[in-house]
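A.B. asks: I would like the atomic coordinates for the input below:
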Amino acid sequence: MLFEIGLLVLTILLYIYYEVTKQYGFFKDLGVPFLKPSFPFGSENGKKMFLGKISLQATDVEAVKEFPKEKVFGYFLLGQPIFVINNEELAKKVLIKDFEYFTDRRTFDTADPIANAFLTNLTGMEWKQMRSMLSGVFTSGKLKLMAKHVDKVGKNFEKYVASKAKTGEEIDMKVVGGLMTLDSIASAGFGIEVDSFKEPENTFRIMALTLVGAPGYRSSLDNIKMFFIATLPKVGKFLKISFMKPQAVNFFSDILRKTYKRRMATGEKRNDIIDVIVEELRSTKTKKPQTFESDFEKDAALDTSGLKDIRETGLDEEILLISNALLFFLLDLKLHLLEFQLFVTSLLFTRSCKTRYFKRFLKFLGKVKMPALNNFRKKYLDMFISECFRVTSLVGALERKCVKDYLIPNTDVIIPKGRFVKLYTNDISVREDNFKNPNDFDPENFAPENNPNKFAMMIFGQGPRNCIGMRYALLTIKITMVYLLRNHRVVRSGKTTDVLEVDPANFNVFKNGVFMKIEKR
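C.D. replies: Numbering: from 1, shown residues only. From the prediction side, this is the model:
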């Protein structure tokens, strides 16, 4: 019996070894420079990431150090070959001009129908149908309707800030930002009124932290689950492994189902995410002409001529509502909460408070009226936020999947269908030819008359696969900044660190926290 068990274990190990190492000659055969791999982690940068020495975002930064002058090179993550493009013009082609070759992102095929219906988990025509439908959710008109929900949370946030200013208590802005973001999602996304500033242990917040795997709510088995989903997807699907916690998914799904059914029965309407998604689902056949507020949005436009209704995919309205409301939730927490923290921290670490830029910013805050906040495009607040993102960006690289063989221009190298490509753009944001004053914190870098490089600010991605919730994220950040700074200022505390480091164990956490104090202005 022990012999049979040992033989089975050996067979499994040999199978894993074969699956991981079978492609290690891939880049050599293509004649592409690459970071040498070794079993089981792949190249050295991947090994450092898996062993917790560097963060997920730093994996590509580490790779570029090996080939800083190469436009295209490769590395291995476990057994998977990854192309890296370290060239602005070629990155533009992949993300925008030649987008037809790179329409997909990395997907995770699980046994969970809700996760499988996420916009980020769809490919090809299904993704295009869903993207077209969801684009109507985040228009300026819809955001005006949702702004009142975020504004209400902002007022609770300001009361909390005022109380901390009185006590002089040192606070972790990462945690405080999470309270603001969670309550905004609860109100604008789920139709639930909570005040996590007063009751931080409410059920909604606990389940939200469980859903995203926040510190203290993350199991040591989560990394093993992700390994199976990413490396052995068929095995993961057979074992019904999901990257989301079932209890949290069931909690939020139950809320959405009950709310949806109640509103359908009573006609109740709050103009929140639930209402807007249902409205868009029922009007996909009568789409209005697209409108764009910037070149960034024009680059993300899709040709919707002849596009069929998303419901023709076989997904019912309820599943589409739940999956996209949950996706909105995950994107807002995992991406925009991080961006919010980068913004808040940059106020402290750049010397902006000593310059004319910050004085202009404060003057602007005093004049802002909440209902019109989301109309401030190309205004000083937008410039200020963009500059904060530019100088503190920790994006690392954007990833796309090649959906048909792509000949890299001016070379004989073909990226085969099915391969993943990383677009490394960190250097673009500090290049002297891209901004008027690239080496200093200067919001005027994004003034229209200074011709900023629109491609250099990658916090929301670029092209049709960019972040669809960008407008909502910016609205939330603006409201948060107004309520944080119009009557108070952020100052250093005993735990304030001069360098932000993402925790290698959790890419949504800063290693030493984001501690600071609040003072009355």
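A.B. asks: check contacts around residue 322.
C.D. replies: Residue 322 sits next to 114, 252-253, 256-257 when contact means Cβ atoms under 8 Å, 6 or more residues apart in numbering. In this view, the C-beta of every residue, glycine as well, is placed from N, C-alpha and C.
A.B. asks: wait, residue 107 sits on residue 121?
C.D. replies: Yes - between residue 107 and residue 121 there is a contact at 5.0 Å, judged by Cβ atoms under 8 Å.
A.B. asks: more crowded one of these two?
C.D. replies: Between residue 107 and residue 121, counted using other Cβ atoms under 10 Å, the more crowded position is residue 121 (21 against 16).
A.B. asks: go ahead and confirm that one touches residue 108.
C.D. replies: Yes - counting by Cβ under 8 Å, residue 108 is a contact partner of residue 121 at 6.2 Å.
A.B. asks: any shared contact partners between those two?
C.D. replies: With Cβ under 8 Å, 6+ apart as the test, residue 121 and residue 108 both reach residue 115.
A.B. asks: any idea whether residue 3 is helix, strand or coil?
C.D. replies: helix (DSSP: H, G, I helix; E, B strand; the rest coil).
A.B. asks: could you pull out the helices for the stretch 301-450 of the chain?
C.D. replies: 317-331, 337-349, 356-367, 380-392 (DSSP state H, counting those that start in this stretch).
A.B. asks: can you tell me which of those helices the model trusts least?
C.D. replies: Mean pLDDT is lowest for helix 337-349 out of the helices of the stretch 301-450 of the chain, coming in at a mean of 56.
A.B. asks: who touches residue 96 in this structure?
C.D. replies: 299, 462-464.
A.B. asks: 7 Å instead?
C.D. replies: 299, 462-463 (Cβ atoms under 7 Å, 6 or more residues apart in numbering).
A.B. asks: now do residue 421
C.D. replies: Contacts for residue 421 were tallied using Cβ under 7 Å, 6+ apart; they are 83, 85, 94, 102, 400, 402, 415.
A.B. asks: what about 6 Å?
C.D. replies: Residue 421 makes contacts with 83, 400, as judged by Cβ atoms under 6 Å, 6 or more residues apart in numbering.
A.B. asks: where's residue 519, which helix or strand?
C.D. replies: Element membership of residue 519, judged by DSSP states H and E, is strand 515-520.
A.B. asks: average pLDDT for that strand, rounded please.
C.D. replies: 87.
A.B. asks: what's the answer for stretch 97-107, then?
C.D. replies: 92.
A.B. asks: the bottom helix or strand of this protein by mean pLDDT?
C.D. replies: helix 337-349 (a mean of 56; mean pLDDT, DSSP states H and E).
A.B. asks: can you pull out the strands in the protein?
C.D. replies: Counting by DSSP state E, the chain has strands at residues 37-38, 42-43, 72-77, 80-85, 171-172, 397-401, 406-407, 414-415, 420-424, 488-491, 515-520.
A.B. asks: would you single out the least confident of these?
C.D. replies: Lowest mean pLDDT within those: strand 488-491, at a mean of 83.
A.B. asks: residue boundaries of the helices in the stretch 51-200 of the chain?
C.D. replies: Using DSSP H, counting those that start in this stretch, the helices of the stretch 51-200 of the chain run over residues 58-66, 88-92, 113-116, 124-134, 140-167, 173-190.
A.B. asks: most tightly packed of those helices?
C.D. replies: Highest mean neighbour count of those: helix 173-190, a mean of 23 (counted as mean count of other Cβ atoms under 10 Å).
A.B. asks: for it, name the packing helices and strands.
C.D. replies: helix 140-167, helix 203-212, helix 317-331, helix 337-349 (3 or more Cβ pairs under 6 Å, 6 or more residues apart in numbering; DSSP states H and E).
A.B. asks: so who does residue 519 touch?
C.D. replies: With Cβ under 6 Å, 6+ apart, residue 519 has these contacts: 165, 489, 491.
A.B. asks: burial count for the second one?
C.D. replies: The reference is to residue 489. Using other Cβ under 10 Å, residue 489 has 17 neighbouring residues.
A.B. asks: before we move on, what about residue 17?
C.D. replies: 13.
A.B. asks: identify the spatial nearest neighbour of it, chain neighbours not counted.
C.D. replies: Spatial nearest neighbour of residue 17, excluding adjacent residues (Cβ to Cβ, 6 or more residues apart in numbering): residue 39 at 6.3 Å.
A.B. asks: ok, how many other residues are close to the one you found?
C.D. replies: Applying other Cβ under 10 Å, we find 12 residues neighbouring residue 39.
A.B. asks: distance of it relative to residue 30?
C.D. replies: Residue 39 is 21 Å from residue 30, where distance means Cβ to Cβ, to the nearest Å.
A.B. asks: what do you get for residue 214?
C.D. replies: Distance of residue 214 to residue 30, given as Cβ to Cβ: 41 Å.
A.B. asks: residue 433 now?
C.D. replies: Plainly put, residue 433 is 31 Å away from residue 30 if you go by Cβ to Cβ.
A.B. asks: same deal with residue 6?
C.D. replies: 39 Å.
A.B. asks: compare the two (neighbour count), which wins?
C.D. replies: The neighbour count for residue 6 versus residue 30, taken as other Cβ under 10 Å, is higher for residue 30 (18 against 10).
A.B. asks: how about the more buried one: what's its closest non-neighbour residue?
C.D. replies: Nearest residue to residue 30 in three dimensions, chain neighbours excluded: residue 413, at 6.0 Å (Cβ to Cβ, 6+ apart).
A.B. asks: likewise residue 91?
C.D. replies: Nearest one to residue 91, counting by Cβ to Cβ, 6+ apart, is residue 423 at 4.4 Å.
A.B. asks: measure how buried that neighbour is and give me the count.
C.D. replies: Neighbours of residue 423 using other Cβ under 10 Å come to 27.
A.B. asks: one more: residue 199?
C.D. replies: Around residue 199 there are 11 residues (other Cβ under 10 Å).
A.B. asks: can you check the one 5 residues further on too?
C.D. replies: Taking other Cβ under 10 Å as the neighbour definition, residue 204 ends up with a count of 19.
A.B. asks: so, low pLDDT: which residues of the stretch 401-521 of the chain?
C.D. replies: 498-500, 507-508 (pLDDT under 70).
A.B. asks: wait, which of the contacts of residue 519 is closest to residue 134?
C.D. replies: Among the contacts of residue 519, residue 489 lies closest to residue 134 (Cβ to Cβ), at 37.8 Å.
A.B. asks: distance of residue 19 from residue 12?
C.D. replies: 11 Å.
A.B. asks: still on that earlier bit, include distance to residue 182 when you put the helices and strands packed on helix 173-190 into a markdown table, please.
C.D. replies: Compiled in a markdown table, the helices and strands packed on helix 173-190 are given as follows (distance: least, Cβ to Cβ, whole Å):
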| stretch | distance to residue 182 |
| --- | --- |
| helix 140-167 | 9 |
| helix 203-212 | 5 |
| helix 317-331 | 9 |
| helix 337-349 | 9 |
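A.B. asks: so which of those is nearest residue 98?
C.D. replies: In terms of Cβ to Cβ, the element of these nearest to residue 98 is helix 317-331, at 25.5 Å.
A.B. asks: what angle sits between the closest one and helix 124-134?
C.D. replies: If you take axes from the mean of the first three to the mean of the last three Cα atoms, to 10 degrees, helix 317-331 sits at 80 degrees to helix 124-134.
A.B. asks: buried ones in helix 317-331?
C.D. replies: 320-331 (16 or more other Cβ atoms under 10 Å).
A.B. asks: one more: stretch 6-22?
C.D. replies: 16, 20-21.
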